[in-house]
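J.: Fold the following.
(2 chains)
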Amino acid sequence: MRIGLVVAGIPTYSETFLRKKIAYLQGCKETEIMLLCDRVSTDKDWSLCKVVFNVSLDRGHFISGIVFAYHLVKTLFLHPLRFVRLLRLNRSSGMPVKANLISIVRSSHMLGLSLDWIHFAFGTLAVGRENVARVIGAKMAVSFRGFDHYVFPLKNPGCYRNVFQKADKFHVLSRGMQQDLIRSGVPLSRVTVITPAIDVRQFSFSGRPLFTDGVVRIVTVARLHWIKGLEYTLEALALLVEMGVKFRYIIVGEGEEKERLLFASHQLGIASYVSFVGKVSHDQVTSFMEDADIYLQYSIQEGFCNAVLEAQSMGLLCVVSDADGLKENVVHEKTGWIVPKRQPSALAHRISEILKLNPSAISAIRENAIARVRAQFDLAFQKAAFLEFYSLD
Amino acid sequence: MAILMATRLKIAVYSGTIPSTPFIERLIKGLAMEGMNVLLFGSIQGRPQVYSANIHVVGNRKGIFGVLATFGRIAKLKIGTPEKYKKLKGHLGSGPFSSSAQFRKWQKYVPVVLYLPDIFHVQWAKAAAEWLFLQTIFGVKMVLSLRGAHINYSPLADGKLREMYRAVLPRYDAYHAVSEAILAESIKYGVEKERARVIYSGLELPLFPKDEKHTNYSQTKLLVVGRMHWKKGYSHLLDCLRILKGKGVPTVATIIAGGDVSEEFIYHVHDAELGEVVELRGSLSHAEVIRQMVNYSALLLPSVEEGIANVVLEAMSAGLPVISTDCGGMREVISDGTNGFLVPVRDTEAMANAVVKMITLPREQLNQMRLNAYKTIVQKFNLATNIKDFVRLYSSIE
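T.: Below you'll find the model as predicted:
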């Protein structure tokens, strides 16, 4: 089975789930996977599988116009039948001429391939290229992340109309997303929930007792992006200070919201208790988590969240928002706690309640969390799900 | 006497662009009306402005005309005042034609060196370092305006900027701060209080509107003005609207925001089901915004950071009740319950309560509040006084 995985760029080191999936599939007998990569890069570190790059049109309008015309003509010359077929299918899908031609150039690196599946790693990547799979005689699969599913369509209403019609299979991260797709008219049989999973041996429980020295250690691993709800988190922590709680908060991650968050932590008077450590290695992330008592993920929008699985696996007390997939990631008052989003006082209140729990209640939560992640979210068990996904019933 | 001498001064009001923001434009025109010679440098944007006689524009146009003008200026400098040319070359390292980057630098600095002002007034702290050479090499007196963003949060995230401020700010001859709060913050970077003056933004005063204009509405209509930047606190605004919805208080908000609508905002409106109560309007002209004010119950400023928000001053002068967060210098404008409502920053519950309080205030009390607000502008924020303060500031360094 030959699978072409369409990605925006070569997966970075932090996209572990994707890398593991690729490694696994590549290791399977009679399965070959290749990356169909939109963004050209010279990353020499990638050796898991073959990579086919898209054309690069990044050179300013005038020059890219010429490059565009060149690639269009080249594609017509190299794959005339597929070119025409794609042109026709796009037109019957209602694409105007300009978008149609752009679609062809954006798909040109795929037209020469012989594949069983074209799998778009993110929904947004499939928009405008819904007919390519059919043209090359492959089936089409689309994975939806939180962002594609919950945020992108707001500024681009109806963007997935053709995707929903044409794709043979959809992969989503949560049952909530599955329900949403069904509501959009996709048959249940075509939507498979494969939650993220982790290598539980890598995120093992250290057995360290919590709250040892009167200072509560809190950590979040997340990009500094508005969807992660970090500003609300800081506002909640400021309320905790007023309640007399001593804490240290470490935020592991980089991003465009750094200035905003630094300002908030200063304005709220908690700058000395909050550290922004930036982007660090895998080992360092694990080390920060090992040292923490509480893991916070008070996101505004979240597909599912690997970091919360990792935290539960390591026995951290997880307090998360009720955003999307987090409701399926954590079981409220069994493996962690769920707090309605955008309510800093509710979050502060919940944390202070947790600090009053007796040790046996805390142990119970930790044990439940660890056991559940091991039973349901271990990468070892998920591997079969990947293969099964590509065999249509 | 000091003011008489000051009228012969050549003052450069530099913000980088011509025209500049509304409040800087008011400063420019106000200074000209006081008889000062105002020089404007920077890149010319959009259509040519018509200024009065004692405002001399020596700007840079984009494209070929700008390049030709620069050639002419470089020639004039080299031939007319070769010592100045030499000093500038010494500062910039090489001549204008050694590279295109060098040419752009010369394009920027030659107009200023050619028409050397007595006082060069930099409007934004981030530009403080690059113009100091005028003082060290040409003996120009340097004044710096200390405004919101550049002082309040940019240096927090940017270590290099902090270093620059600490090194450069103390060397200026005088400072203008838009609020006491900003001045207090600037002192951390070496600004000397004795050489600084808080001069509030000034408005030209319209007539106070008659009572009939702000009538009671069956639905509270809030006006919010400001582009989509995190400092404007839109997430707190939307959370406040959700609280009001939950309390059963029919409130709609009209947001006048220039520029792109942020994804964060759209998502929040959708997520919190506020589509029916939020109206988004693109950018309106300054004059149009003020004209629209009569259609609203109150202006709401949900910002987490401001210097002193000009739109609040405008609302107060137009008789529109104001609910503002206590950010930046806003407490220097509003005294809670007297001339408006002031709520703690980031406190959405308090913001919602203030809206309810405003709605339920008896009519006479609301009118008294509006009158007090207008008086505040007359006493503290009117353009005429404001301009005289600037003239005094300039005179003090001669």
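J.: Which stretches in the stretch 51-200 of chain A count as strands?
T.: A:117-120, A:139-143, A:169-172, A:191-193 (DSSP state E, counting those that start in this stretch).
J.: ok, residue A:104 to chain B distance?
T.: 29 Å (C-beta to the nearest C-beta, to the nearest Å). Any C-beta I mention is one placed from the backbone N, CA and C, and that applies to glycine too.
J.: quick one, what contacts that residue?
T.: A:72, A:75, A:83, A:86, A:87, A:90 (C-beta atoms under 8 Å, 6 or more residues apart in numbering or on different chains).
J.: And for the residue nearest to the fourth one when sequence neighbours are not counted, the neighbour number?
T.: I take that to be residue A:86. Spatial nearest neighbour of residue A:86, excluding adjacent residues (C-beta to C-beta, 6 or more residues apart in numbering or on different chains): residue A:135 at 4.7 Å. Look at residue A:135: counted by other C-beta atoms under 10 Å in any protein chain shown, it has 23 neighbours.
J.: Check the one 5 residues further on too.
T.: Other residues near residue A:140 come to 22 when the count uses other C-beta under 10 Å.
J.: wait, it sits on residue A:118?
T.: Yes: at 5.5 Å, residue A:140 counts as touching residue A:118 under the criterion of C-beta atoms under 8 Å.
J.: what touches both of those two?
T.: With C-beta under 8 Å, 6+ apart as the test, residue A:140 and residue A:118 both reach A:132, A:133.
J.: Closest to chain B out of the contacts of residue A:104?
T.: residue A:90 (27.7 Å; C-beta to the nearest C-beta).
J.: My understanding was that that closest one contacts residue A:131; is that so?
T.: Yes: using C-beta under 8 Å, residue A:90 is in contact with residue A:131, at 5.6 Å.
J.: so what sits against both of these two?
T.: residue A:103.
J.: what helix or strand is the residue of chain B positioned farthest from its centre on?
T.: Distance to the chain centre peaks in chain B at residue B:79, reaching 39.0 Å (criterion: C-alpha atoms, centre = their mean). Assessed by DSSP states H and E, residue B:79 sits inside helix B:63-80.
J.: Could you do residue B:280 as well?
T.: Counting by DSSP H and E, residue B:280 is part of strand B:278-281.
J.: what do you get for residue A:324?
T.: Judged by DSSP H and E, residue A:324 forms part of no helix or strand.
J.: check contacts around it.
T.: Contacts of residue A:324 (C-beta under 8 Å, 6+ apart): A:146, A:150, A:174, A:176, A:177, A:301, A:302, A:303, A:304.
J.: So the residue farthest from the centre of chain B versus residue B:72, what's the distance?
T.: 11 Å (C-beta to C-beta, to the nearest Å).
J.: How about the residues of the stretch 51-200 of chain A by chain B?
T.: A:150, A:151, A:154, A:155 (C-beta under 8 Å from any C-beta of the partner chain).
J.: Quick one: residues contacting the nearest residue to residue B:19 once chain neighbours are set aside.
T.: Computed as C-beta to C-beta, 6+ apart, the closest residue to residue B:19 that is not its neighbour in sequence is residue B:49, at 5.2 Å. Shown in contact with residue B:49 (C-beta under 8 Å, 6+ apart): B:18, B:19, B:57.
J.: Below-threshold pLDDT in the chain: ranges please.
T.: You didn't say which chain, so I picked chain A. Chain A contains residues with pLDDT under 70 at A:13-14, A:43-44, A:57-62, A:392-393.
J.: meant chain B actually
T.: For chain B, the stretches flagged by pLDDT under 70 are B:1-7, B:149, B:206-218, B:398.
J.: Up against chain A, what does it have?
T.: So chain B meets chain A at B:152-154, B:156-158, B:230-231, B:235, B:239, B:263-264, B:266-268, B:270-272, B:304-305, B:345-346, B:349 (C-beta under 8 Å from any C-beta).
J.: Of the contacts of residue B:49 - the most surrounded one?
T.: Highest neighbour count within those, by other C-beta under 10 Å: residue B:18, with 24 neighbours.
J.: Run through the bridge partners of that residue.
T.: Counting by DSSP bridges, residue B:18 is bridged to residue B:44.
J.: is it true that it touches residue B:44?
T.: Yes: with contacts counted by C-beta under 8 Å, residue B:18 reaches residue B:44, the gap being 5.0 Å.
J.: Which residues are in contact with each of these two?
T.: B:57, B:59.
J.: Check which strands are paired with the strand holding residue B:280 and give the direction for each one.
T.: Using DSSP bridges, the strands paired with strand B:278-281 are strand B:251-256 (parallel).
J.: How far off centre is the partner strand?
T.: Distance of strand B:251-256 from the chain centroid (C-alpha atoms, centre = their mean, to the nearest Å) equals 23 Å.
J.: starting at the chain centroid, how far to stretch B:153-168?
T.: With C-alpha atoms, centre = their mean, you get 20 Å for stretch B:153-168.
J.: Just the buried residues of that stretch, please?
T.: For stretch B:153-168, burial by neighbour count (16 or more other C-beta atoms under 10 Å in any protein chain shown) applies to B:153, B:154, B:155, B:156, B:157, B:158, B:161, B:164, B:165, B:168.
J.: Can you report how many residues lie near residue 267?
T.: You didn't say which chain, so I picked chain A. 20.
J.: sorry, should have said chain B
T.: Residue B:267 has 19 nearby residues by other C-beta under 10 Å.
J.: Surely it and residue A:153 touch.
T.: No: applying C-beta under 8 Å as the test, residue B:267 and residue A:153 come out as separate, 10.4 Å apart.
J.: on that earlier part again, out of the contacts of residue B:49, flag the one nearest to residue B:358.
T.: residue B:19 (35.7 Å; C-beta to C-beta).
J.: re the thing from before, would you mind finding the most buried of the strands of the stretch 51-200 of chain A?
T.: Stretch with highest mean neighbour count among the strands of the stretch 51-200 of chain A: strand A:117-120 (a mean of 26; mean count of other C-beta atoms under 10 Å in any protein chain shown).
J.: Partner strands of that one, with direction?
T.: Here strand A:117-120 has these sheet partners by DSSP bridges: strand A:2-7 (parallel), strand A:139-143 (parallel).
J.: re earlier: give me the buried entries from the residues of the stretch 51-200 of chain A next to chain B.
T.: Buried, going by 16+ other C-beta under 10 Å: A:150, A:151, out of these.
J.: Give me the subset of the residues of the stretch 51-200 of chain A next to chain B lying in helices.
T.: A:154, A:155 (DSSP state H).
J.: could the residues of the stretch 51-200 of chain A next to chain B be laid out in TSV, adding distance to residue A:377?
T.: Output for those, formatted as TSV (distance: C-beta to C-beta, whole Å):
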residue	distance to residue A:377
A:150	21
A:151	24
A:154	29
A:155	32
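J.: Spatially, which two of the residues of the stretch 51-200 of chain A next to chain B are the most separated?
T.: Greatest spacing in these, by C-beta to C-beta: A:150 and A:155 (11.8 Å).
J.: picking that back up, possible to save the contacts of residue A:104 as a markdown table with distance to residue A:23 and neighbour count?
T.: A markdown table is the format used below for the contacts of residue A:104 (distance: C-beta to C-beta, whole Å; neighbours: other C-beta atoms under 10 Å in any protein chain shown):
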| residue | distance to residue A:23 | neighbour count |
| --- | --- | --- |
| A:72 | 36 | 17 |
| A:75 | 32 | 22 |
| A:83 | 34 | 20 |
| A:86 | 32 | 25 |
| A:87 | 37 | 19 |
| A:90 | 34 | 26 |
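J.: from those residues, which single one is nearest residue B:85?
T.: Distances from residue B:85 to the contacts of residue A:104, taken by C-beta to C-beta, are shortest for residue A:72, at 53.2 Å.
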